[in-house]
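Asker: Okay, here's the prediction I keep looking at, along with the sequence it came from:
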Amino acid sequence: MNAVPVTFQPKSVILANPRGFCAGVDRAIAIVERALEKFGAPIYVRHEVVHNKHVVDDLKARGAIFVEELKDIPDLPGGAVVIYSAHGVSKALQAEAAERKFRVFDATCPLVTKVHVEVAKLRRDGVEIIMIGHEGHPEVEGTMGQATEGIYLVEDEADVQQLAASGKVRDPSKLAFVTQTTLSVDDTARVVEALKVAFPAIRPPRKDDICYATTNRQNAVKQIAPDVDVFIVVGSKASSNANRLREVAERLGDRAYLVDDENELDQMWFGTHAKVGVTAGASTPEHLVAAVLARLAEWGFDGVQLGTGESEQVSFRLPHGLDADIKPVSYARDTEL
C-alpha cells in the first residue's frame, strides 16, 4: 500500500483592516500630550485615558498622573489641570471638578458625548431610558450619570425580561434606549429585539450609538475569520472593544486569544495551523501589532496579507485651549507591511 504524501501549507498571516487606533483614541492621547507640552507635569487624568497599558505607561513616564477619584488630586495654585478619559464622566463628577476649580480638558470621545447629549435631552422631555451596556465599565458609568433617575441598565436578554417584570419603568409609552459605543454589534441586535418585544413603544436612537470604529473592526474580523485557524487580538484585557473582537472570532470557529503584546504569545497555540488572523483593539498602537507580526515571523508565519475593509478618514478637533486639529488618520495600513 502506497503511503499518502503529507503536504504542508505555508504559514501565513492575514492582517485585519481596519484595526487599532480610532479617531476618538487619537484625540484623547493627543489631548494629554498637548496638555503636557503646554502646562508641563503634573497633568492629572481621571481614569486610564484609553484602555491600553502601553499607552498609559508612556504617558505616565512623561508626567501624567492617573487617578480614579478627583479627591486624589491635590489643590494647586491656579487649579490642577485635569483631563477626563475618552470614556466620559458623570454630571456629578463634572460638578465636583467645577467646585474645586480644576482646569479641565475633556477627552471624552465625541461619539460618547453624542450619547450623553441624547440622554440629557430625553430626560428633559420626560422620557425614561434603557441603556444597553456592561455594568462597571467607565463609559456606562459616565452615560448613566447624565441622569439622576429614570435610566436603567441591561446587558442581555435576561436583564430585559427582569426589568420588564420588575415594574420599574413607570410609563412604557415614553421609553427610549441607548447603547454603549463599544458593544458587540450582533449581541446588541439581539438585546434590541428583546426590548422591542418587552416594550413595543420603545424608541431607538436617532443614529446607531455603536461607533463606526467598533462596527468596522468587528466586520474586518468577520471577513477574514473563515480563512484562518487562530486569531490574535492585540489589546488590553480591560478594553471592551478588544474583548468583543476576540468573541467575534471565537463565534466564527477560530481559536482566539487577546494579548497585550508579543510577549504574551504562546507558540503552542499555533501547533500545525497554517493561517493566523491578527487584529487590534481601538486603543492599541500600531507598533504593538508590528511586534506581534515580528514574533510570528520568527515562528515561520512570515507571509502577511492585508484584509480588505473600510478605509477610515475620521478626525476630531481638540478642545479649545489646546489648539489645532488632529490630522485625519487612515487605517488602510498597506503601506506599513
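Answerer: Thanks, I have the structure now. Numbering: from 1, shown residues only.
Asker: show me where the stretch 51-200 of the chain has strands.
Answerer: Counting by DSSP state E, counting those that start in this stretch, one finds strands in the stretch 51-200 of the chain at the ranges 64-67, 81-84, 103-106, 128-132, 151-154, 175-179.
Asker: will you turn these into TSV that also has mean pLDDT, distance to Gly235 and mean neighbour count?
Answerer: In short, each C-beta sits where N, CA and C put it, glycine included. Formatted as TSV, those follow (pLDDT from 0 to 100; distance: least, C-beta to C-beta, whole Å; neighbours: other C-beta atoms under 10 Å):
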stretch	mean pLDDT	distance to Gly235	mean neighbour count
strand 64-67	98	18	16
strand 81-84	97	22	23
strand 103-106	96	24	19
strand 128-132	98	22	23
strand 151-154	98	24	20
strand 175-179	98	20	23
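Asker: how about these in CSV, adding distance to Ser240?
Answerer: Output for those, formatted as CSV (distance: least, C-beta to C-beta, whole Å):
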stretch, distance to Ser240
strand 64-67, 18
strand 81-84, 17
strand 103-106, 20
strand 128-132, 12
strand 151-154, 14
strand 175-179, 12
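Asker: how about the helices in the stretch 1-150 of the chain?
Answerer: In the stretch 1-150 of the chain, the segments counted as helices under DSSP state H, counting those that start in this stretch are 23-39, 53-62, 91-99, 110-124, 138-144.
Asker: quick one, which of the ones you listed is nearest to Pro285?
Answerer: Closest approach to Pro285 among these (C-beta to C-beta): helix 53-62, 6.4 Å.
Asker: Give the other helices and strands that that closest one contacts.
Answerer: helix 23-39, strand 64-67 (3 or more C-beta pairs under 8 Å, 6 or more residues apart in numbering; DSSP states H and E).
Asker: ok, so what distance separates the nearest residue to Gln267 once chain neighbours are set aside from Glu262?
Answerer: Nearest non-adjacent residue to Gln267, counting by C-beta to C-beta, 6 or more residues apart in numbering: Trp299, 5.7 Å away. Separation of Trp299 from Glu262 (C-beta to C-beta, to the nearest Å) stands at 11 Å.
Asker: the more surrounded of these two?
Answerer: It is Glu262, of Trp299 and Glu262, that has more neighbours when counted by other C-beta atoms under 10 Å, with 18 against 12.
Asker: OK, contacts around the more buried one?
Answerer: Residues near Glu262 by C-beta atoms under 8 Å, 6 or more residues apart in numbering: Leu288, Ala291, Val292, Ala294, Arg295.
Asker: Dump these to TSV, plus secondary structure and distance to Pro110.
Answerer: Output for the contacts of Glu262, formatted as TSV (DSSP: H, G, I helix; E, B strand; the rest coil; distance: C-beta to C-beta, whole Å):
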residue	secondary structure	distance to Pro110
Leu288	helix	25
Ala291	helix	30
Val292	helix	30
Ala294	helix	34
Arg295	helix	35
